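A.B. asks: Sequence first, then the predicted structure:
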Amino acid sequence: MTKAKIAMKTPLVEMDGDEMTRILWQMIKEKLILPYVDLKTEYYDLGLKHRDETDDQVTADSANAALRLGVAVKCATITPNAQRVEEYGLKKMWKSPNGTIRAILDGTVFRAPILVRGIEPFVSTWKKPITIARHAYGDVYKASETAVPQGARAEIVVTDSNGAETRTLIHDFASGAGVVQGMHNIDGSIASFARSCFNYALATAQDLWFATKDTISKKYDHRFKDIFAEIYEAEYKEKFAQKGIEYFYTLIDDAVARVIRSEGGFIWACKNYDGDVMSDMVATAFGSLAMMTSVLVSPDGIFEYEAAHGTVQRHYYAHLKGQQTSTNSMATLFAWTGALRKRGELDGSAALAAFADKLETAAIRTIEDGVMTKDLFLLSKAENKRAVDTEAFILAVRDNLGKSL
Ligand code: NAP
Ligand code: MG
């Protein structure tokens, strides 16, 4: 007896990738999705070889397809360095695909851990995921800096479009040498970041926290606080009230203290540097990079789902040598379920969204029942736990999924 497959109205943008995650991609599609869903995708091969063949045009094309279709799912990809240029005989050291896609979508990255019983966060109060949103533009990441000799004066000079100068003293280095740094941000980028955060809070029905150091940085950080507040008042206050969620602003040091005491279950919007540092802290405290999902959300509501980890190169080389691997497919699987659920919501297909829920539940139950890849085996407190290889884990998820359909 064969059940009819779930239909799809609009295709997903499918961005294939590299190395071990490309192998996971194929297995997930073949074993966990294609048997149940009449999958429609617009396929873009972002594997490094094809990016090189197309002079990286395929990356831009895939991002433009996401703008058109609204939902994308992306496999991890290699960001080439000198060693990769040699390994793949590349024409050029192509830029990070994620950077290219983020620039085209003008999006913000939200990272959230997958929680399972038996793998407890290091912070014992955390019961729900904490999602971190990092503003990935400007500040110290696009700064100019220089060494300053003793006796020099450093100033900020702003020249307006008529040539008029405004000077602000940074420091008079009369009594000793030192360093200076000049950094910037742009109102439009801060506003896009704010809208992405408010939209994602609404889409996931979670509170949004934002924090800066506006008491010390009365112009720079204060601008972030003001832009968030203005956009919230004008565009989101009522929608948040309807959803029963809150926007909460506080100072960054107060936020850090509250996050540790919280039980999780909210989105934490961070300025660029805070997000860089705090996302590593939160990911580590939740247990494993292999259990971290990632979604790029544009200010006008385009969603691109992926795993937070890379292509797991070491496992791929072992796989190529014919050795058994135990690579965790959870984050890549949740990229697919995130995209299928969102597609289902947008197309009014309850069946597709429900399938995504069931697949996630089956995957979580597999681990909670004690079947897991090696990375989790080392962390799990489950009784009767057992480490399995890459494919055996996916097959165990399929067995659980079969029971629930
Ligand atoms: P990685 O792929 O994240 O892997 C680093 C290590 O973390 C692995 O060797 C493995 O540890 C562990 N790990 C990560 N994901 C795992 C999983 N799913 N299951 C089990 N273990 C996992 O980082 P990388 O090796 O530094 O980078 C490889 C390539 O990925 C690079 O070319 C980089 O450019 C790219 N990258 C892409 C993205 C993206 O597309 N979003 C993000 C980051 C990096 P053990 O070896 O100890 O088992
Ligand atoms: Mg970091």
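C.D. replies: Alright, I've got the coordinates. Source: prediction; values computed, not measured. Numbering: from 1, shown residues only. Ligands and ions are numbered 1, 2, ... in the order given.
A.B. asks: Give me the three-state assignment for residue 211.
C.D. replies: Counting by DSSP: H, G, I helix; E, B strand; the rest coil, the backbone at residue 211 sits in strand.
A.B. asks: May I have the beta-bridge partners of the residue nearest in space to the middle of the chain?
C.D. replies: Centroid check for the chain by C-alpha atoms, centre = their mean gives residue 294 as the closest residue, at 2.8 Å. On the basis of DSSP bridges, residue 294 is bridged to residue 111, residue 306.
A.B. asks: Tell me how far it lies from residue 148.
C.D. replies: Going from residue 294 to residue 148 by C-beta to C-beta, to the nearest Å gives 39 Å. Bear in mind the C-beta positions are built from the backbone N, C-alpha and C, glycine included.
A.B. asks: Also residue 75?
C.D. replies: Separation of residue 75 from residue 148 (C-beta to C-beta) stands at 46 Å.
A.B. asks: near ligand 1, anything from the helix or strand of the chain with the lowest mean pLDDT?
C.D. replies: Across the helices and strands of the chain, mean confidence by mean pLDDT, DSSP states H and E is lowest for helix 272-286: a mean of 89. No - Helix 272-286 is not in contact with ligand 1 by C-beta under 6 Å from any ligand atom; minimum separation 11.0 Å.
A.B. asks: what's that helix in contact with?
C.D. replies: 111, 113, 115, 121-123, 126, 129-130, 132-141, 211, 252, 256, 259, 268, 270, 289, 292, 308 (C-beta atoms under 8 Å, 6 or more residues apart in numbering).
A.B. asks: go with 7 Å
C.D. replies: Helix 272-286 is contacted from outside by 111, 113, 121-123, 130, 132, 134-141, 252, 270, 289, 292, using C-beta atoms under 7 Å, 6 or more residues apart in numbering.
A.B. asks: Make a PyMOL selection of the buried ones in these.
C.D. replies: Filtering these down to the buried ones (16 or more other C-beta atoms under 10 Å) takes a single PyMOL command:
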select buried, resi 111+113+121+123+130+132+134+135+136+137+138+139+252+270+289+292
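A.B. asks: What about ligand 1: which of the contacts of helix 272-286 touch it?
C.D. replies: Residues of those in contact with ligand 1 (C-beta under 6 Å from any ligand atom): residue 289.
A.B. asks: Which ones among the contacts of helix 272-286 map onto helices?
C.D. replies: Secondary structure assignment by DSSP state H places residue 252 of these in helices.
A.B. asks: Check the gap between the closest residue to residue 123 other than its chain neighbours and residue 252 for me.
C.D. replies: Leaving aside its sequence neighbours, residue 123 sits nearest to residue 285 (C-beta to C-beta, 6 or more residues apart in numbering; 5.3 Å). Residue 285 is 18 Å from residue 252, where distance means C-beta to C-beta.
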